[in-house]
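Visitor: Got a sequence here, can you build the structure:
(2 chains)
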Protein chains: 2
Amino acid sequence: MQRDKSMTAAPPHTQLLIGQLLAAPAGHNPDQTIHDGFGNHHTYRQFHTRVRKLAAGLLNLGLGQGSTIAVMDWDSPRYLECFFAVPMLGATLHTINIRLSPEQVLYTINHAEDDAVLCHVDFLPLLLPLLPKVHRPLRLILMADEPCAVPQGFDAEYEKLLADQRPDVSFPELPEDTRATLFYTTGTTGDPKGVSYSHRQLVLHTLALAAGLGTVPGAGGLKRDDVYMPITPLFHVHGWGFPYVATFLGIKQIYPGRYEPGRLLALIAEQGVTFSHCVPTILAMLLSAPGVAEIDLSRWKVLIGGAALSDGLALQARARGIDVHAAYGMSETCPFVTVADMACSQASADIAVRTATGRPAPLVEVRVVDEKMNDIPHDGRSTGEVITRAPWLTDGYLKNSAGTEELWRGGWLHTGDVGHMSANGTLRITDRLKDIIKSGGEWVSSLTLENLVSTVPGLQEVAAVGIPDSRWGERPVLVTVILGEVSVEQDLRNCLDRAIDAGIIPKWAAPDRIYQVDSLPRTSVGKIDKKLIRKLLAEGVIS
Amino acid sequence: MQRDKSMTAAPPHTQLLIGQLLAAPAGHNPDQTIHDGFGNHHTYRQFHTRVRKLAAGLLNLGLGQGSTIAVMDWDSPRYLECFFAVPMLGATLHTINIRLSPEQVLYTINHAEDDAVLCHVDFLPLLLPLLPKVHRPLRLILMADEPCAVPQGFDAEYEKLLADQRPDVSFPELPEDTRATLFYTTGTTGDPKGVSYSHRQLVLHTLALAAGLGTVPGAGGLKRDDVYMPITPLFHVHGWGFPYVATFLGIKQIYPGRYEPGRLLALIAEQGVTFSHCVPTILAMLLSAPGVAEIDLSRWKVLIGGAALSDGLALQARARGIDVHAAYGMSETCPFVTVADMACSQASADIAVRTATGRPAPLVEVRVVDEKMNDIPHDGRSTGEVITRAPWLTDGYLKNSAGTEELWRGGWLHTGDVGHMSANGTLRITDRLKDIIKSGGEWVSSLTLENLVSTVPGLQEVAAVGIPDSRWGERPVLVTVILGEVSVEQDLRNCLDRAIDAGIIPKWAAPDRIYQVDSLPRTSVGKIDKKLIRKLLAEGVIS
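Guide: Numbering: from 1, shown residues only, chains lettered A, B, ... in the order given. Predicted structure coming up:
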């Protein structure tokens, strides 16, 4: 007997809703502050009121339960207000990737069936020309950091909309599987794919992140006295979920606006930022920005995701005292899947603990499998595809059955990443399935080659890719960006030779050629675009 | 649109199951250890194997999905194995309160419809005489700390059962609302009431506790380098849920067996225990036990629940360096509802922060209401009944519709406790609804009177109760237990007079009489039995 009738007076078990993260937070801290990058701030008490006023304003515009409401903004406290007010109304928050091409932005607005767009003034040149091609009627709300003219056809300006409302809106009681967020992920081919998350998934992701990062001993991980500043755009997998975690913990938050190295460093210093997350490129950019030497970074904790954290970058960060760790996830995983073992890294000087994508997050199961989904030995060497299950993985791609079936074949989410697992359960990603270099029937990990040479002085960026070879199928080459004018080819060769002598890579895995370019092409979310590099090599544009 | 058909390839969202706390823990720590109170231990790796072997053994005895499996044991690693293996099979773990009367134990076995009892040899004198009166066939398994004879009619001995199994059992995929645990709560009248929890409720309780306690800054709260020892019996609301939290965090655990002050203190010293929880009586007992002065308690964190943490006991604990805090909950709430503000107590010397029942735990909503369920002002003075909602409160009482309806009237769980809320959201419990003293139409809080005098030297225990009075309805009296032979009545009077002069209580709230007894009567779970005290006063037994 699992349930008896005498319990019918009890309500259905309380649903997991984003509103609960505000109503019953882990850290109740009404006087704590939330800052923008321009010297303004609100208290949490004011933030609560603003969320309610925003919700009231959206209702007044005829939006609400079932609507899809898009945002185009830099990282701002406004955006955080949308993270709560929109889902709490039972609407879907569509976080538009403002780095997509205009055609792709238009595609996502139509595909998502948006009912409204809240647009920062900086993105009007992108949005306005698209409006005639939008299929459905759109409510339009302008966002701006200072007073400015509201374009014709717009329904409201954000601050004015809030000022006109009373904060006594009542939010609906929703089923926890109600869709809360939606965004688009772009591969290097095909249309963008819509990825969505429910209230339940986001609440569980928030709880598990707080439980996993909070319980790290000492000052590591994420604690209620941290000061949080995202340096991953909020449109990128809801800022990796951390804005929800930070708000749930009631900690001080800084939303820096557009990412400018000087302002980011100044905010770290002035606001005492202790916790951030970003892709490796951003960290590298900050560490080489003018004036960085004068900033104390020794209390700064940084999680790196989106691409591999190389030994070179990790060592550079450690030299500045930064508590840096790799984490692993993707758009389809909300995003957290694994994170470096922070409890262990505090006790160990071993940089490999920090750069390993590490241990599964709480409630996450990870397997490494062959093409038939058989588990591959946990020996720290044998590689296979990484597949995963967790209570917060996306159910699938919006209106894309084929993509969903491919993603979830066999009941596990297929990441498309290749990695190996050690005997103690530490995952290390070695490549994207589609970027791995297949030479003479063997696999060469492009990430391994890139990581090996990452410590060579003067090397700013590097991509290892395979080029077609009539004899071996593919052969590895390196495409490099060098700091200044010097050539580092001989240093790179020496570095690779030492790795071969040490048995880290076999002799045949050494790249045939090393190319030098001014910059590496990137995708809309800032990842190195290896598909395009392969094309440029094939066409002789890189030579 | 909340869900579209293109997502049908995705599995239903992953269910929240107790097995996931083992399969995907927050702290993956296979070589960490779990100890008993007699010098034995297992690693977590061995613990996993033992859980699987126990499950295999239970299946071999014809138990499994849908069974109800009872345990009568001291706090042991065996009991922790049952916490996992039984629910993971889809069976219900019935944790028998071994302090109930034999008639009540029999009642609970029959009411729960137990299919098996795992019984420690110490409780055979309690169990064996009941067996002829059990309504259903029972599988019987003996638990013992050293080799001993297995009584006739028993199916197995626990260690032998495990030794005979292979650990390759496969656990069923369960719906998350499957009942996982069941125990009985006893009031001072009527039959024990069955309270049960689902997998989902226990997983959410575990996550929220880890998130709430983990993110406390510094060494406070609960971190992965803590050493955990329960001093709340595991049959009491699953040891307040902490065995699940500690296992999820992969931390070192000590299960001390029967609670003997000398052994508890020795274990704290030898095993380096840093985190425990208990009722006030147990802490008071430990702080006055022989040899306590030689033990370093300055790294020990203790959560106090089950009854109010008095200023006197808190000061006594602080004098030994113990990081002590009050928490609040009950059998029907899994149990966590509120906990003292640990982030604040680290910065403040104010004992009131530690003794306040504090802030709602993550995902918990708390209201203080009048008889019509209207909210009472949050002024830190006005009292009303505490009602609550959270995703882990019990659905109701087993086979007891009337009790369930009373518990959940108006869609909120009624705690039966009286308290007030401050403007900053801090709850302080002032009484049980049924223990409050109603004098001249006003309420006198028995807890306030007890707390006021708790600092008087020589006072060991105290209960404030109301006795019938023809003029005022009721009048307060104190019933005291004094250490040694001295009279402290004058000191108590002086203490109360100072409180009246300071305006802490009105003059008419001072107790009319102070009685002295050798000991206070207690309920089966160790709480002071005020109903019985009132009866003994009325009958002149206390005079």
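
Visitor: Which positions within stretch A:414-424 qualify as buried?
Guide: A:414-421 (16 or more other CB atoms under 10 Å in any protein chain shown). C-beta coordinates here come from the backbone N, C-alpha and C atoms, glycine included.

Visitor: Stretch A:60-70 too?
Guide: For stretch A:60-70, a neighbour-count test (16+ other CB under 10 Å) marks A:61, A:63-64, A:67-70 as buried.

Visitor: And stretch A:52-72, how far out from the chain middle?
Guide: Centre-to-centre, stretch A:52-72 and its host chain are 25 Å apart (CA atoms, centre = their mean, to the nearest Å).

Visitor: Tell me how many other residues surround whichever residue of chain A sits closest to chain B.
Guide: With CB to the nearest CB, the shortest gap between chain A and chain B falls at A:Gly214, namely 3.1 Å. Per other CB atoms under 10 Å in any protein chain shown, the neighbour tally for A:Gly214 reads 26.

Visitor: For it, give me the pLDDT.
Guide: A:Gly214 carries a pLDDT value of 96.

Visitor: Do I have it right that it meets B:Thr215?
Guide: Yes. At 3.6 Å, A:Gly214 and B:Thr215 qualify as touching, with contact defined as CB atoms under 8 Å.

Visitor: list residues touching both of these two?
Guide: Residues within reach of A:Gly214 and of B:Thr215 at once, by CB atoms under 8 Å, 6 or more residues apart in numbering or on different chains, are A:222-223, A:249, B:221.

Visitor: Could you say which of those is surrounded by the most neighbours?
Guide: Ranked by neighbour count under the definition other CB under 10 Å, those are headed by A:Leu249 with 30 neighbours.

Visitor: tell me the contacts of that one?
Guide: Applying CB under 8 Å, 6+ apart, we find A:Leu249 in contact with A:25-27, A:210, A:214, A:222, A:224, A:226, B:215.

Visitor: rerun at 6 Å
Guide: A:26-27, A:224, B:215 (CB atoms under 6 Å, 6 or more residues apart in numbering or on different chains).

Visitor: Could I get these in TSV, plus columns for distance to A:Glu539, secondary structure and neighbour count?
Guide: Compiled in TSV, the contacts of A:Leu249 are given as follows (distance: CB to CB, whole Å; DSSP: H, G, I helix; E, B strand; the rest coil; neighbours: other CB atoms under 10 Å in any protein chain shown):
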residue	distance to A:Glu539	secondary structure	neighbour count
A:Ala26	54	coil	31
A:Gly27	55	coil	24
A:Arg224	54	coil	24
B:Thr215	52	coil	33
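
Visitor: ok, of the buried residues of stretch A:414-424, which one's closest to B:Thr178?
Guide: A:His414 (28.9 Å; CB to CB).

Visitor: The closest one belongs to a helix, doesn't it?
Guide: No. Per DSSP: H, G, I helix; E, B strand; the rest coil, A:His414 lies outside any helix segment and is strand.

Visitor: Look up which residues are beta-bridged to it.
Guide: A:His414 has these beta-bridge partners by DSSP bridges: A:Ile387.

Visitor: thinking again about what came up before, looking at the contacts of A:Leu249, which one is closest to B:Ala390?
Guide: B:Ala390 lies nearest to A:Ala26 out of the contacts of A:Leu249, by CB to CB, at 13.0 Å.
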